[in-house]
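Chemist: Mind looking at a prediction? Sequence and model below.
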Amino acid sequence: MATPPDTLDKVGAGLDALDVPVEEHKPPVWRRFLKTGVPPIIAFALLLGVWQALWASALLPEFQLPAPVNVWNELVRSISTGEAFGILWTSLHRAVLGFLAAVVIATPLGLLIAKVRVVRAAIGSLLTGLQSLPSVAWVPAAILWFGVTPSTIYFVVLMGSVPSIANGLVAGIDQIPPLLPRVGRALGAGRLASARHILLPAALPGYLAGLKQGWAFSWRSLMAAEIIATSPQLGVGLGQYLHNGSSLNDINMVIAAIFLILLVGIGIELLLFRPLERAVLRARGLTGAL
Amino acid sequence: MTATLETTVPSTVDTAVELAGVRKVFGHGNSAVVALDGVDLKVKPGEFVCLLGASGCGKSTLLNIVAGLDAATSGELQLNTSRPAVMFQEPALMPWLTAARNVELALRFAGVGRLARKRRALQLLELVRLGDVADKRPHELSGGMRQRVALARALASTTVSADGAPALLLMDEPFAALDAITRDVLQSELLRVWETTNTAIIFVTHDVREAVRLGQRVVLLSSRPGRVVREWDVTDSSSDVLDEINTHLREVISGHAS
């Protein structure tokens, strides 16, 4: 009370200057690569070494444990003939289409479950239960319903990924601090505006985690469906390629297929979900896990 | 479209807020709790009123009723203002939006166009002296800065109406979670903003010193149920008033000891 206002203004300006966060400078690219890129490369090299050593010890017959170089040759063959690209394209475009359809179905479903009490009581636990049901269990039923057609495959993919995405969104919405929607109401947001500008962005981290898991589930479900449901009509995807390898007793093909399936999984995670997640968390100052 | 800061029209209405016999009961039957019991309160346009009381006096409930976030069980509420803006103890900024975007959000809900929104948000951030950090996100700001962004956002939501209705700002212990120096600075900041914007303010606090420093009028509420005990005009505050209010507040609280 005794302090004149302009002195307080100076104090305020001083506080602001003290409070401005210190900018962290990024380490150079090579150092970041050394930290994040080198360990997985070393781990992979070690794995290869163990594999090579196991093969050299000849404990298992060649048709069970192939030499790394033979698998490599199979991969090079399928890539150089262009076969690999066709196979990858068949599987990837199915997975992406199925995943996108799952997002379109699961997002309103998740919103409904999170915001409408009756809906949550009715199907909330069913959805959680479905998440623990291996989607491969749907393959026999789907074949009986749709025949060995793309519908079967898409159905299995949807059953695998919709519960994960919807559950992720529900978890994301449940974790929103209740003050935020209250502020929205105080600022005059209607139900729709509140969902669009407050609920969805606030739930984004949980939603993104759900999307990530949903993608993993749709990829897994797709592989399961492709391995079981094979027909000329469906073309050759990764699952069928794996199935063929098994039928031909060609362990090189089998391992190469598994390798490609893994590669897609890791690739999508590294190229799509990891950067997205980073951007979302960093924007909120949640950099602890990065 | 938007009312600018300089052209706040002197209003012809002589009350901004009028509460008559407002009663609020939570729960039913035996477990019912009477939070407010017949509260009468008038606030003039541009007036700064502090609601003072211990915990459980229903200050926040009263504020929520005026804000339209809660409905009174009985009694009347009349608002001759634009949409009242609310500030809480926490800044409650959207963590994914920059300071400027947080302020713009209020304008967006009010249907202000994009360009006007941008201009107005920056103007309000300048008013709370945060023009330089408009592009920072809440986690990059200090507690005091965040609360000032919240103040700018609250002002955005209440001073937007075109019809010249007086603005109303409701503040629920907004500085309670800040350290003493920051609180001191923000109090003077708030007074400055209040003088420039001619906004009526209802300020809830449990700090007598704060109430006397900020308000033109201090209203003491009793606890469980909340009633208006006494009012003081504190425009020319002396330390006598401070002591007197303190004594009354202590009486109200010690009445619950038995």
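Modeler: Cool, got the structure.
Chemist: how about stretch B:193-201: buried residues?
Modeler: B:193, B:194, B:197, B:198, B:199, B:200, B:201 (16 or more other CB atoms under 10 Å in any protein chain shown). C-beta coordinates here come from the backbone N, C-alpha and C atoms, glycine included.
Chemist: swap in stretch A:247-255?
Modeler: Within stretch A:247-255, the residues that qualify as buried are A:250, A:251, A:252, A:253, A:254, A:255, counting by 16+ other CB under 10 Å.
Chemist: what's the span of that stretch from first residue to last?
Modeler: 13 Å (CA to CA, to the nearest Å).
Chemist: Give the rounded mean pLDDT of it.
Modeler: For stretch A:247-255, mean pLDDT is 90.
Chemist: again with stretch A:176-192
Modeler: For stretch A:176-192, mean pLDDT is 87.
Chemist: State whether residue B:122 is indeed within a helix.
Modeler: Yes. Counting by DSSP: H, G, I helix; E, B strand; the rest coil, one finds residue B:122 located in a helix.
Chemist: So what's the residue count around it?
Modeler: Residues near residue B:122, counting by other CB atoms under 10 Å in any protein chain shown, number 18.
Chemist: same deal with residue A:76?
Modeler: The burial count for residue A:76: 12, using other CB under 10 Å.
Chemist: and it, how far is that from residue B:29?
Modeler: Residue A:76 sits 80 Å away from residue B:29, taking CB to CB, to the nearest Å as the criterion.
Chemist: same question, residue A:175
Modeler: Taking CB to CB, one finds residue A:175 at 34 Å from residue B:29.
Chemist: So for residue A:210, what's the nearest residue that isn't a sequence neighbour?
Modeler: residue A:168 (1.3 Å; CB to CB, 6 or more residues apart in numbering or on different chains).
Chemist: which residues does that neighbour contact?
Modeler: By CB atoms under 8 Å, 6 or more residues apart in numbering or on different chains, residue A:168 lies in contact with A:110, A:206, A:207, A:208, A:209, A:210, A:211, A:213, A:214.
Chemist: Helix or strand for the first one, just tell me which one.
Modeler: The one in question is residue A:110. Assigned by DSSP states H and E, residue A:110 belongs to helix A:83-115.
Chemist: C-terminal to that helix, what's the next element?
Modeler: Defined by DSSP H and E, the subsequent element after helix A:83-115 is helix A:117-132.
Chemist: which of the residues in the helix or strand that that following helix is followed by are buried?
Modeler: Moving toward the C-terminus from helix A:117-132, the next helix or strand (DSSP H and E) is helix A:138-146. Going by neighbour count (16+ other CB under 10 Å), the buried part of helix A:138-146 is A:138, A:139, A:142, A:143, A:146.
Chemist: Can you lay out these as TSV showing pLDDT?
Modeler: Formatted as TSV, these follow (pLDDT from 0 to 100):
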residue	pLDDT
A:138	90
A:139	90
A:142	92
A:143	91
A:146	91
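Chemist: Go through those and name the one nearest chain B.
Modeler: residue A:138 (36.7 Å; CB to the nearest CB).
Chemist: so what's that closest one up against?
Modeler: Applying CB under 8 Å, 6+ apart, we find residue A:138 in contact with A:155, A:156, A:159.
Chemist: Among those residues, which lie within strands?
Modeler: Cross-referencing the contacts of residue A:138 against strands under DSSP state E gives no overlap.
Chemist: do you know how far residue A:136 is from chain B?
Modeler: 38 Å (CB to the nearest CB, to the nearest Å).
Chemist: Quick check: that residue touching residue A:222?
Modeler: No. Counting by CB atoms under 8 Å, residue A:136 stays clear of residue A:222, with 10.6 Å between them.
Chemist: Check the secondary structure at residue B:50 for me.
Modeler: Under three-state DSSP, the three-state class of residue B:50 is strand.
Chemist: Need the pLDDT of residue 81.
Modeler: Looking at chain A here, since you left the chain open. Note for residue A:81: predicted pLDDT of 91.
Chemist: hmm, I had chain B in mind actually
Modeler: Looking at residue B:81, its pLDDT reads 80.
Chemist: same deal with the one 3 residues further on?
Modeler: Predicted confidence (pLDDT) for residue B:84: 85.
Chemist: Quickly check: the helix or strand harbouring residue B:119 near chain A or not.
Modeler: Residue B:119 is part of helix B:114-127, with elements assigned from DSSP H and E. No. If you take CB under 8 Å from any CB of the partner chain as the test, helix B:114-127 misses chain A, and the best it gets is 12.6 Å.
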